[in-house]
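> Give me coordinates for this.
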Amino acid sequence: MRNDILSNLQKEIYDRCQRETNKFGMGCYYHIVAVVKNAEILADKYGADKEVVLIAAWLHDIASITDYSLYDLHHIHGAEMAHSILKEYSYDSIKIRMVQECIKKHRGSVNLEKNSLEELCVADADAISHFDSVPSLLYLAYVQKGMGIEDGKEFVKNKLARSFQKLSTKSKQHYQNKYEKVMEILN
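Here you go, the predicted model:
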């Protein structure tokens, strides 16, 4: 495991999230940390290459936090940025391509077929991460979008329901209890 890369990526992402150019604020950093945590759980569960999964999890939103104008295609730009970053570490070229594919296919709103366990882990971790950041979603609804209590609650519940539906069948089974508990609290 290349702990040098992982610890440096964590610092790099934290620094980029703190910049004024990051339109998402520090909430995005906590989202990424939740993705990393869930990606590690899923990599262990599915027997995926944990190092590839963790690196891709740290880098999956790098384009969005670096330059908001890249948001619509952040999965494509992020894969390109990952290549440049990982080359600087002399990281294995085959594993770089695996990381890039994970980043390209992580978006639930862009339904691309997952061709590896690593891609599945990162995509599912991204979707389930919203359940670890309910306070950020509530902040988004009530403060940033100015919604009232009921509208904000429905906004968050709908977001979480969509996120849960994006999970693979196996991950849905794994996270079913978490989904039910969070939805119970919001009801």
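
> give me phi/psi at Gly146?
Main-chain dihedrals, Gly146, degrees, to the nearest 10: phi 60, psi 30.

> how near is the residue nearest the centre of the chain to Ala34?
For the chain, Asp126 is the residue whose C-alpha lies nearest the centre (C-alpha atoms, centre = their mean; 3.4 Å). Counting by C-beta to C-beta, to the nearest Å, the gap from Asp126 to Ala34 is 9 Å. (Each C-beta comes from the backbone N, C-alpha and C, glycine too.)

> tell me what the helix or strand containing the residue nearest to the centre of the chain is packed against?
Using DSSP states H and E, Asp126 maps to helix 117-128. The contact analysis (3 or more C-beta pairs under 8 Å, 6 or more residues apart in numbering; DSSP states H and E) places helix 117-128 against helix 27-46, helix 50-59, helix 93-104, helix 149-165, helix 169-186.

> What is the second one packed up against?
Counting contacts by 3+ C-beta pairs under 8 Å, 6+ apart, helix 50-59 is packed against helix 3-18, helix 27-46, helix 74-88, helix 93-104, helix 117-128.

> tell me the most buried of those?
Compared across the helices and strands packed on helix 50-59, helix 117-128 shows the largest average neighbour count, a mean of 27 (mean count of other C-beta atoms under 10 Å).

> Would you pull up how far whatever helix or strand comes next after it lies from the middle of the chain?
Downstream of helix 117-128, the first helix or strand assigned by DSSP H and E is helix 134-139. Averaging C-alpha positions (C-alpha atoms, centre = their mean, to the nearest Å) puts helix 134-139 16 Å from its chain's average.

> mind listing what's buried in helix 134-139?
Ser136, Leu137, Leu138 (16 or more other C-beta atoms under 10 Å).

> Output these in JSON lines; the columns should cover pLDDT.
As requested, these are arranged in JSON lines below (pLDDT from 0 to 100):
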{"residue": "Ser136", "pLDDT": "83"}
{"residue": "Leu137", "pLDDT": "89"}
{"residue": "Leu138", "pLDDT": "91"}
